[in-house]
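Asks: here is my input, please return the structure:
(2 chains)
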Amino acid sequence: MKETSPLNLYKFLPQTNCGECGEQTCMAFAAGLIARERTIDECKPLFEEKNQKKYAKKLASLKEVIAPEVALVYVGVGDQQLKVGGEDVMYRHQMTFFNKPPFAYDVTDAMNEADLVERVKLIDTWRKFYIGNWESVEMVAVRSVTGDPAKFAACVKKVMENTKKPLILCSFDPKVLKAGLEVSAASRPLIYAATKDNWKEVAQLANDYKVPVTLRVPFDLDGLKSLAQTFAEMGLKDLVLDPGTAPNGEKLQETLQNFIKLRRAATEEGQKDFNYPVMALPINAWLTTKDPVRGAYWESVLAATFVIRGADIMIRHSIEPHSVMPDMHLRFNIYTDPRTPVQVKPGLNKVGNPTEDSPIFLTTNFALTYYTVESDLASNGIDSYLLAVNTDGIGVQASVAGGQITPSKIKDAFAEAGVDFEKTSHKSFILPGMAAKFSGELEDLYGYKVKALVGPEDSGRIPGWMEKQWPPKK
Amino acid sequence: MGEKLSISDLNKKLAEMDVKSLEGITIEGDIELEIDAGAGGVGPLFAYYFGEEVAKVAVQLVNMAKAFGYPVDSLLQPVAVAQAISPAPAELAKAAPEIPAFKIPDTLKSAKFSVGTDKTWKTQIQEVQLGATKAEGGSRGHVIKIGGEKAMPFFFDAAMPNRPVVTIDVFDMPIGMAKAVKMHYEDVMNDPADWAKKAVKEFKADLVTTHLISTDPLIKDTPAKEAVKVVEDVLQAVDVPIVIGGSGNPEKDVEVLSKASEVAQGERALIASASLNLDWEAIGKACVANNNVCLAWTQLEINAQKELDRKLMKVAGVPRDSIVMDPTTAALAYGMDFAYTNMERIRLGGLKGDEELNFPMSSGTTNAWGVREAWMVNSPNKDDSPWGDRMLRGPIWEILTGFSLAMAGVDIFMMMNPIAVAYLQEITQSLMGLVKAETPDTANWISMEV
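Replies: Next comes the predicted model:
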């Protein structure tokens, strides 16, 4: 959606201020649509059958106006369903990026069953805690290495027995794809790929099984557009584009430029006839090396390239922590909504079931810092209190340097939270190591009745610190 | 009445009576189906569902049934009619044109794709020369130019005139560092000159940065005059352009960096850095007086960056070709989103004509090593998937921190881990088309064995 004025969406709403959506007015709902906080299906009257005649035109116009600049394709079903594409802007600060590109990790039909199951489980259960949430990877890409339809179908079936994550079925042979679809179509996998050679058969499959399909025409955007328009004319519009991912050499430059061109055409130029989500293949790094570290690093670097510029979905191979972790964080950072404040509410919070003997920690209200400390305490079973001091969302080190956290602000924050150190058995609190220099002044402020202990510089080391330093010596 | 109507019965009757059309019918229901007497057309919705001819047949069937006394009024609901007629008799279906069906064309369409350049990018980023040769009044073997871009990094709108460069950190005293970094410098940590040599010869640093951290009053409080001898040593040891950093102490740095600028007179060394928290004017003037380049450091705030750049130009008199910006590098997983977007906005602002922002940018990429994911052995969170080998995890943290910011517009990277340096160079140069290599057939990825 390019529209930025609620007024221009308001005219397509019922304008009755019925309040069914939870907003007071239709104008407020329109503003919610602009901010992407509301979706049109939340305006119930627009969709009611009895209003069909009255609102049909409005609804159609509204749908057109709010459609994302990069088309949105759904892959998978139920609560595992993924949104692929749906972006509106070229640069994240212009609004936000919405749907982080799913990472699909590969398995092959040449793997023996034990290895296959083990790898699928690894993909299925991979997770990391970050800023209050569990991050994971999203998909499994099944590659046909044997070329045997029966083996492929058996592999797809085995994968589905071990994960509910959506699939990408990968083969250039329509017979293989068909065998895979026979066992998985109900879960709406993405198929890969239709090419200039097999497009008729693959189009037939996409139509018969009602699944989204990837179109592959490497390094030829005219050819890719031709294929896309041919599919669109057949009524097949759930398309993903593979413009080719070269893992090295000058073609890698061309690859990135193609991604930039496609994203620009969709978001900045509004080319509605060729605005499908785009797939990158960082897995292609492995076409250039067998070295496990080199492969994982280069794949990681390629993934970073396309997470930042223009990919809506990607297929990957290395599930090593030194490849998944950095890319997962990069994707998280790039897809974080810059409009959302990254602060938590200042105040005192309990971790676990603290008593008067439990330690009292403090940190800043920068969400990243706060959740990191909280998770380090919680996951190590440290029952405690944690005070978030209001630093306007600035981290410890920077706020110590910038004056957003000071000894007197800490004392005020404890007072505001109603902490009475007299009621604790230890009469102390624990400063972040980065704020160690406040310790003396704080004890002075408390008239030496409260101890300001100095904790470690990284909260990950709190468990070790606790072993040596807690409870404090009298 | 009471007898059930079957399609085959109706069909029989219809055939017997040889009914071709019925005229002058108007049916009103939820779907306002109108049959115009002359043209024999049907309502658009009906036609959409069944095709025009089939709809006509349906109407005929219904009327026939009525005429025979069957209870068909309820069938006037469109859906019911659709169900009633869907298994249309073969001969009637044949008479009707095909329902708009999935049809595969014989050939592919032929389309052309084109996309324009960004017309709002009108201003070139200032090109800045680092280092000066003997002929230019310095002593460097060669010079390095950064900046000069007319487009966002690696975009097709305009080629990048200069590749991103890396300066490797050298400290004037041994410091604590992550294991994956330390292992590369243990043998040279006591000698900044050897450290610099190793960085250039073995690790292919484009520049080296000498950090005079021992001058910090809380560390060794080395006097400025004494500390800057290390700068002389490094200038002797290597002939690449250099960067000189202080300790980060806002009072002492003014003195240390001013002195360092004198020692590096004429070298076009990058002096790191002037900031709004210290006497930027003194540092700026020390750069101007000695033909060095001033690094303008602000903390993740685009307006502060504009303010500092403006003051350096207007008040301290630093020429445009002697300013590089450090808008702060928050590392991957530790605020990288702020650093990335701040830099991207700065670069876009510069390209669009903001003359307080169109300078090359520098990144303190080494900040990556402050992130726990880069150096910790295991996750402090017991429910995380295993973090693997930190010796492999650390370098990639530095690579991605730097590379992400290269995509946002950074021109010079301050780095430490040699593996990270090599990868950053390789990917940025690949994306500029400078790395020649045969690209494998990418169709093989599906069947490859890894």
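
Asks: how far away from the center of its chain is stretch B:140-153?
Replies: Distance, stretch centre to chain centre, for stretch B:140-153: 21 Å (CA atoms, centre = their mean, to the nearest Å).

Asks: and B:Gln126, what is it in contact with?
Replies: B:Gln126 is in contact with B:147-148, B:320-321, B:323, B:358-360, counting by CB atoms under 8 Å, 6 or more residues apart in numbering or on different chains. Any C-beta I mention is one placed from the backbone N, CA and C, and that applies to glycine too.

Asks: quick one, phi psi at it?
Replies: Backbone torsions of B:Gln126, given as degrees, to the nearest 10, read phi -60, psi 130.

Asks: any idea how far it lies from A:Val120?
Replies: Computed as CB to CB, to the nearest Å, the B:Gln126 to A:Val120 distance reads 53 Å.

Asks: quick one, which of the contacts of B:Gln126 are buried?
Replies: Taking 16 or more other CB atoms under 10 Å in any protein chain shown as the criterion, what is buried in the contacts of B:Gln126 is B:147, B:323, B:358-360.

Asks: for the residue of the stretch 351-474 of chain A found nearest chain B, helix, strand, or coil?
Replies: Per CB to the nearest CB, A:Gly460 is where the stretch 351-474 of chain A lies closest to chain B, at 3.6 Å. Under DSSP: H, G, I helix; E, B strand; the rest coil, A:Gly460 falls in the helix class.

Asks: how many residues are close by it?
Replies: Other residues lying near A:Gly460 total 22 when counted by other CB atoms under 10 Å in any protein chain shown.

Asks: which residue, other than its chain neighbours, is closest to it?
Replies: Closest residue to A:Gly460 apart from its sequence neighbours, by CB to CB, 6 or more residues apart in numbering or on different chains: B:Pro380 at 3.6 Å.

Asks: got the contact list for the residue in the stretch 101-250 of chain A that chain B sits nearest to?
Replies: Proximity of the stretch 101-250 of chain A to chain B (CB to the nearest CB) peaks at A:Gly249, 3.6 Å away. For A:Gly249, the contact set (CB under 8 Å, 6+ apart) comprises B:430, B:435-439.

Asks: on that earlier part again, what residues does the residue of the stretch 351-474 of chain A closest to chain B make contact with?
Replies: Taking CB under 8 Å, 6+ apart as the test, what A:Gly460 contacts is A:376, B:372, B:376, B:379-380.

Asks: re the thing from before, format the contacts of B:Gln126 as TSV; extra columns: secondary structure.
Replies: Shown next, in TSV, are the contacts of B:Gln126 (three-state DSSP):
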residue	secondary structure
B:Gly147	strand
B:Gly148	coil
B:Arg320	helix
B:Asp321	helix
B:Ile323	strand
B:Asn358	coil
B:Phe359	coil
B:Pro360	coil
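
Asks: identify the farthest-apart pair in these.
Replies: Farthest-apart pair in the contacts of B:Gln126 is B:Gly148 and B:Ile323; separation 13.7 Å (CB to CB).

Asks: okay, and which of the contacts of A:Gly460 map to helices?
Replies: When these are checked against helices (DSSP state H), the matches are A:376, B:372.

Asks: tabulate the contacts of A:Gly460 (CSV), appending neighbour count.
Replies: As requested, the contacts of A:Gly460 are exported to CSV (neighbours: other CB atoms under 10 Å in any protein chain shown):
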residue, neighbour count
A:Asp376, 24
B:Arg372, 18
B:Met376, 17
B:Ser379, 21
B:Pro380, 23
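
Asks: among the contacts of A:Gly460, which one lies nearest to A:Ala206?
Replies: B:Ser379 (41.9 Å).

Asks: tell me which residue is most central in chain A.
Replies: Central residue of chain A (CA atoms, centre = their mean): A:Lys100, 4.3 Å from the mean position.

Asks: what strand or helix carries that one?
Replies: Under the criterion DSSP states H and E, no helix or strand holds A:Lys100.

Asks: same thing with B:Gln236?
Replies: Using DSSP H and E, B:Gln236 falls within helix B:229-237.

Asks: ok so, going back, got a winner among the contacts of A:Gly249 for most neighbours?
Replies: The most crowded member of the contacts of A:Gly249 is B:Ser430, carrying 27 neighbours; neighbours defined as other CB under 10 Å.
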